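1. What follows is a predicted structure for the sequence shown.
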Amino acid sequence: MPTVTKKLDAGAFQLKDQVVAINRVTKVVKGGKNLSFAALVVVGDPSAAVVGYGSGKAKEVPQAIRKGIESAKKNLVRINLTQTTIPHLVLGRYGSGRVLLKPAPEGTGVIAGGAVRAVMTSAGVQNVLTKSIGTTNPHNVIKATFDALKQLKNRESVATMRGKAAEEL
């Protein structure tokens, strides 16, 4: 059954944006080539464990980035963290992209490549080990990372799902 999540208000958070990828796109028309730019942006509030991604397209780079930020603010998600790391190991999938997220002890830092690092730092995860498997396409890698983050569960929700007290786990 799909879980219904309440839409998060972007104005309530101190969001920081990070551009992950900018792609120059040309469309060949009768009169020549039309140049355009596509930007992939991640926004997040590390203190509130809130993160979102968006894509924007425009004739110039700054407008594409601005559109990407607006798009990212519309699909913010809150993630479950335990102090500075993630609660458990998880594998996110999207297309041929696979992203493995593994909890790490204090002082490890964020061990991650480009697109995954942007999401992890924006989400406020300070210690995590990651491995990106399959595609290197930043769009698919970010979507796989978000799939993994949405799968994270905290101890209390697992305990209630199993009908036990959180101390019993």
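-> Received, thanks.
2. can we go C-alpha only for contacts and neighbour counts from here?
-> Fine.
3. Helix or strand with the lowest mean pLDDT in this structure?
-> helix 155-162 (a mean of 72; mean pLDDT, DSSP states H and E).
4. Convert that helix to PDB, retaining C-alpha atoms only.
-> Extracted as PDB, the C-alpha positions of helix 155-162 are listed here (Å, rounded to 0.1, in the frame of the first residue of the first chain):
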ATOM      1  CA  ARG A 155      13.300   1.900  15.300                       C
ATOM      2  CA  GLU A 156       9.900   3.100  16.500                       C
ATOM      3  CA  SER A 157       8.100   2.500  13.200                       C
ATOM      4  CA  VAL A 158       9.600  -1.000  12.900                       C
ATOM      5  CA  ALA A 159       8.600  -1.800  16.500                       C
ATOM      6  CA  THR A 160       5.000  -0.600  16.000                       C
ATOM      7  CA  MET A 161       4.900  -2.600  12.700                       C
ATOM      8  CA  ARG A 162       6.000  -5.700  14.500                       C
END
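5. List the buried residues for that helix?
-> Residues of helix 155-162 include none that count as buried (16 or more other C-alpha atoms under 10 Å).
6. Where does Val116 sit: helix, strand or coil?
-> With DSSP: H, G, I helix; E, B strand; the rest coil as the basis, Val116 sits in helix.
7. And Gln14, by the same measure?
-> Classified using three-state DSSP, Gln14 is coil.
8. cool, and the one 3 residues further on?
-> Classification of Asp17 into helix, strand or coil gives strand, according to three-state DSSP.
9. ok, it to Ser71 distance?
-> Asp17 is 12 Å from Ser71, where distance means C-alpha to C-alpha, to the nearest Å.
10. care to break the protein down by domain?
-> 10-77, 80-168 (automatic domain parsing).
11. And these, which one averages the lowest pLDDT?
-> Mean pLDDT values for these show the minimum at domain 80-168, a mean of 85.
12. Figure out how far stretch 48-61 is from the centre of its chain.
-> 11 Å (C-alpha atoms, centre = their mean, to the nearest Å).
13. residues making contact with that stretch?
-> 13, 22, 35-45, 63-81, 119, 122-125, 142 (C-alpha atoms under 8 Å, 6 or more residues apart in numbering).
14. Can you list which of those residues are found in strands?
-> 22, 35-45, 77-78 (DSSP state E).
15. Can you select the buried ones from those residues in PyMOL?
-> In PyMOL, a selection of the buried entries from these looks like this (16+ other C-alpha under 10 Å):
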select buried, resi 22+36+37+38+39+40+41+42+43+44+45+77+78
